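Undergrad: My questions are about this predicted structure, shown below with the sequence.
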Amino acid sequence: LRGQGDIAIGNIVGSNIFNIGVILGVSATICPLQVKKQLLRIDIPVMLAATVLLTILFWNGTLGRTEGLFFLTGIIIYTLFSLFHSRKHGEEGPVIGLTIVAAGTSMPELATSIVAAYKRKTDIAIGNIVGSNLFNILAIAGSCSLIHPIEANNVNYIDLLVMLGISVLLLPLVKSGQKISRTEGFVLVLFYVIYMFWLLRDTF
């Protein structure tokens, strides 16, 4: 509403990178994260598709109302599908992640995923992040750009590519034995640390 598109998009891109790099990384170092088939076959590919779509549509630094409506439609369809699938197969599914993210930002998600990993509820730890990233792109970017077209010149293609890259990296990691190991968790954290050093390179 205030026309501060850099904060709106920067929050989404930064949150998605932090979610995978730090939250999943730290959770996996506590306890290797076992991946359910639905996450591997449906939810992570949908998250990747949404990430690719955001990267393409926002490449010119703007996100209009048409794109916003498309994203909002996507989160509604995905949520309804997840609820239907969970009831049909008697699973909790990553919708848990969508409701958890509504309560706050990435720090509560960090606490949630770490506690879930410590208690060996690894499907919640992963579902929390996949659901959060999908929610960030489809619901938050969708609603913000629908209310007011977003322009964000300070979020550049490097940030978009880092978000896309760490999201793409997640798929081969979870396919390797259908889990994220402690070593792979460390790699995710390292990925985020390198990105932070790049962002803050001018301050050193």
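TA: Cool, got the structure.
Undergrad: alpha carbons only for contacts and neighbour counts from here, please
TA: Fine.
Undergrad: So which residues of the chain form helices?
TA: Assigned by DSSP state H, the helices in the chain fall at 5-18, 25-30, 37-38, 44-57, 65-89, 95-101, 106-118, 122-134, 142-147, 157-175, 182-199.
Undergrad: quick one: the residue positioned nearest the centre of the chain and Tyr78, what's the gap?
TA: With distances taken as Cα atoms, centre = their mean, Asn133 lies nearest the centre of the chain, 2.2 Å away. Computed as Cα to Cα, to the nearest Å, the Asn133 to Tyr78 distance reads 13 Å.
Undergrad: what's the neighbour count on Ala125?
TA: A total of 30 residues lie near Ala125 under the criterion other Cα atoms under 10 Å.
Undergrad: What confidence value was assigned to the nearest residue to it once chain neighbours are set aside?
TA: Closest residue in space to Ala125, ignoring its immediate chain neighbours: Ser113 at 4.3 Å, by Cα to Cα, 6 or more residues apart in numbering. Turning to Ser113, the model gives it a pLDDT of 76.
Undergrad: Verify the contact between Ser113 and Val130 for me.
TA: No - judged on Cα atoms under 8 Å, Ser113 makes no contact with Val130 at a distance of 11.5 Å.
Undergrad: so which of the helices of the chain is the most packed in?
TA: Highest mean neighbour count of the helices of the chain: helix 122-134, a mean of 27 (counted as mean count of other Cα atoms under 10 Å).
Undergrad: what helices or strands is that one leaning on?
TA: Contacts defined by 3 or more Cα pairs under 8 Å, 6 or more residues apart in numbering; DSSP states H and E place helix 122-134 against helix 5-18, strand 33-34, helix 44-57, helix 95-101, helix 106-118.
Undergrad: quick one: which of the ones you listed has the weakest pLDDT on average?
TA: When I compare these, helix 95-101 is least confident, with a mean of 39.
Undergrad: thinking again about what came up before, export the helices and strands packed on helix 122-134 to CSV and append columns for distance to Ser86.
TA: CSV is the format used below for the helices and strands packed on helix 122-134 (distance: least, Cα to Cα, whole Å):
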stretch, distance to Ser86
helix 5-18, 24
strand 33-34, 18
helix 44-57, 16
helix 95-101, 9
helix 106-118, 19
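Undergrad: Quick one: closest of these to Thr73.
TA: Minimum separation from Thr73 across those (Cα to Cα) falls at helix 44-57, 12.1 Å.
Undergrad: And the contacts of that closest one?
TA: Residues from elsewhere that reach helix 44-57 (Cα atoms under 8 Å, 6 or more residues apart in numbering): 63, 67, 130, 133-134, 137-138, 160-161, 163-164, 167-168, 171.
Undergrad: switch the cut-off to 7 Å
TA: Residues outside helix 44-57 that contact it (Cα atoms under 7 Å, 6 or more residues apart in numbering) are Leu63, Val130, Asn133, Leu134, Ile137, Leu160, Leu164, Ser167, Val168.
Undergrad: and if you look at stretch 178-195?
TA: Here stretch 178-195 makes contact (Cα under 7 Å, 6+ apart) with 20-22, 24-26, 28-29, 31-35, 173-174.
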